[in-house]
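Student: sharing a model that was predicted from the sequence below.
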Amino acid sequence: MRAPWVTYRPELKVLDCTVRDGGLINDHQFDNAFVRAVYRACIDAGIDYMEIGYKNSKKIFSRDRFGAWKHSDEDDIRRAIGEKDPSVKLCAMADATKSDYHEDILPRDQSVLDVIRVAMYVNQIPTAVDMIKDAHDKGYEVTANLMAVSVVQEPELDEALEALAATPAATIVVVDSFGALYAEQIEILVRKYRKAIEGTGKEVGIHAHNNQQLAFANTIEAIIHGANRADATMGGLGRGAGNCPMELLLGFLRNPKFHLRPVYQFLQEQVAPLHKTMQWGALVPYNITGQLNQHPRAAIGFLAGEDGDKCLDFYDRCLREE
């Protein structure tokens, strides 16, 4: 019997999405010092990619309400990171139907970004395919992040994967948006995605949420079954229950290129203070939405209200709305 959990694959690459996913908690209002600290930690830790924010529409997400990382303009990125380090590829995410991608995503040779991550729901595949082609034609490495896969019916998923496999996206990511999946389902999905991209040279990625405290376990499971691109955030920072913690992922990978000390330094200096003003983690309402395979927005709203400690009321409400 092989033991894939005690080995490492040098082709496996890690992406940090602390600023992009964590920014969903505070409307992407992180200051330049925080973003620069994430970037520095990624460089020092040997992390391969850093996702700095979204490339989404200013018409939909006004700059009066949302911070710089909802739009990731070139000047804002350069101001935050300072001199670019070639050891870390910079990424931004563009949501299907929420991005003015033709205008706002510049040609690669005019941008500090290296990668565009196109995120879509299954009903947005035609738009996403056009976005992927647009970004690729502009010179970017591109990923396809099919969200909320836990609620996609198998025939729809098969057609979506067929369409995405035909695009120039370098990676297709299994995204457990609701934190609802278990290890057995992750195995099935990774195998399905790998079969869909067979012979294309593409990779499979994993982006897990922690509603049932399984984000790290499910990321491990995906890696064991051949996912070579793994997302994580420092301290699990992310909307709602958060994400796979970077410090656990790097410790698991046992690849000598990765270094844990810079991550723990970042957690001490930057993440610990955030707990005073921002809330994330596998709290009971997020457990409930994860178990029921529901979007966490209801739990987020419940916890922000006056009765956020009445989890039984929330559970009953979720059952009524199923």
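Tutor: All right, it came through fine.
Student: so who does the residue nearest to Pro107 when sequence neighbours are not counted touch?
Tutor: Computed as CB to CB, 6 or more residues apart in numbering, the closest residue to Pro107 that is not its neighbour in sequence is Lys138, at 4.7 Å. The C-beta positions use only the backbone N, C-alpha and C, and glycine is treated the same way. If a contact means CB atoms under 8 Å, 6 or more residues apart in numbering, then Lys138 has Ile105, Leu106, Pro107, Arg108 as its contacts.
Student: and the third one, how many neighbours does it have?
Tutor: By other CB atoms under 10 Å, 10 other residues sit near Pro107.
Student: that one against Gly139, yeah?
Tutor: Yes - applying CB atoms under 8 Å as the test, Pro107 and Gly139 come out as touching, 6.1 Å apart.
Student: any residues in contact with both of the two?
Tutor: Counting by CB under 8 Å, 6+ apart, Pro107 and Gly139 have no contacts in common.
Student: could you measure from the residue nearest to Pro107 over to Thr127?
Tutor: In this structure, Lys138 and Thr127 are separated by 17 Å, where distance is defined by CB to CB, to the nearest Å.
Student: wouldn't Lys192 be in contact with Val152 here?
Tutor: No - in this structure, Lys192 is not within contact of Val152 by CB under 8 Å, at 11.1 Å.
Student: for Asp231, what are phi and psi?
Tutor: Reported as degrees, to the nearest 10, the phi and psi values for Asp231 are phi -100, psi 150.
Student: tell me what it is bridged to.
Tutor: Beta-bridge pairing for Asp231 (DSSP bridges): Leu15.
Student: give me the distance between it and Asp130.
Tutor: Note on Asp231: its distance to Asp130, by CB to CB, is 24 Å.
Student: more crowded one of the two?
Tutor: Each of Asp231 and Asp130 has its neighbours counted (other CB under 10 Å); Asp231 has more, 28 against 15.
Student: quick check, that one in contact with Pro245.
Tutor: No - using CB under 8 Å, Asp231 makes no contact with Pro245, being 11.3 Å away.
Student: neighbours of Ala208, how many?
Tutor: Applying other CB under 10 Å, we find 27 other residues in the vicinity of Ala208.
Student: now it, what's its secondary structure?
Tutor: Per DSSP: H, G, I helix; E, B strand; the rest coil, the secondary structure class of Ala208 is strand.
Student: so for it, what's the pLDDT?
Tutor: pLDDT, the model's per-residue confidence, is 98 for Ala208.
Student: wait, doesn't it sit right on Pro245?
Tutor: No - with contacts defined as CB under 8 Å, Ala208 does not count as touching Pro245, sitting 10.5 Å away.
Student: common neighbours of the two, please.
Tutor: Counting by CB under 8 Å, 6+ apart, the residues touching both Ala208 and Pro245 are Ala215, Phe216.
Student: sorry, back to before: distance of the residue nearest to Pro107 from Val19?
Tutor: For Lys138, the distance to Val19 (CB to CB) stands at 22 Å.
Student: what's the domain layout of the protein?
Tutor: Per the record, the chain has its domains at 8-274, 284-321, by automatic domain parsing.
Student: most tightly packed of those domains?
Tutor: The densest packing among the domains of the chain, expressed as mean neighbour count by mean count of other CB atoms under 10 Å, is seen in domain 8-274 with a mean of 20.
Student: ok, Val35 - contacts?
Tutor: Counting by CB under 8 Å, 6+ apart, Val35 touches Val19, Ile52, Trp69, Ala80, Ile81.
Student: distance of it relative to Ile43?
Tutor: Val35 is 13 Å from Ile43, by CB to CB.
Student: could you do Val149 as well?
Tutor: Between Val149 and Ile43 the computed distance is 32 Å (CB to CB).
Student: not counting its neighbours along the chain, what's nearest Gln185?
Tutor: Closest residue in space to Gln185, ignoring its immediate chain neighbours: Ser150 at 7.5 Å, by CB to CB, 6+ apart.
Student: that neighbour belongs to a helix?
Tutor: Yes - when classified by three-state DSSP, Ser150 is found to be part of a helix.
Student: list the contacts of it.
Tutor: Going by CB under 8 Å, 6+ apart, the list of residues near Ser150 reads Asp176, Ser177, Phe178, Ala180, Leu181, Gln185, Asn293.
Student: switch to 6 Å and redo it
Tutor: Listed by CB atoms under 6 Å, 6 or more residues apart in numbering, the contact set of Ser150 reads Phe178, Ala180, Leu181, Asn293.
Student: over to Arg78?
Tutor: Val112.
Student: okay, whatever helix or strand it lives in in CSV with CA atoms only?
Tutor: Under the criterion of DSSP states H and E, Arg78 resides in helix 74-81. The C-alpha coordinates for helix 74-81 follow below in CSV (Å, rounded to 0.1, in the frame of the first residue of the first chain):
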residue,chain,number,x,y,z
GLU,A,74,-2.8,48.5,-11.2
ASP,A,75,-1.8,51.6,-9.2
ASP,A,76,-3.3,50.3,-6.0
ILE,A,77,-1.4,46.9,-6.4
ARG,A,78,1.9,48.6,-7.1
ARG,A,79,1.5,51.0,-4.2
ALA,A,80,0.8,48.1,-1.8
ILE,A,81,3.4,45.6,-2.8
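Student: please consider this matter closed, and thank you.
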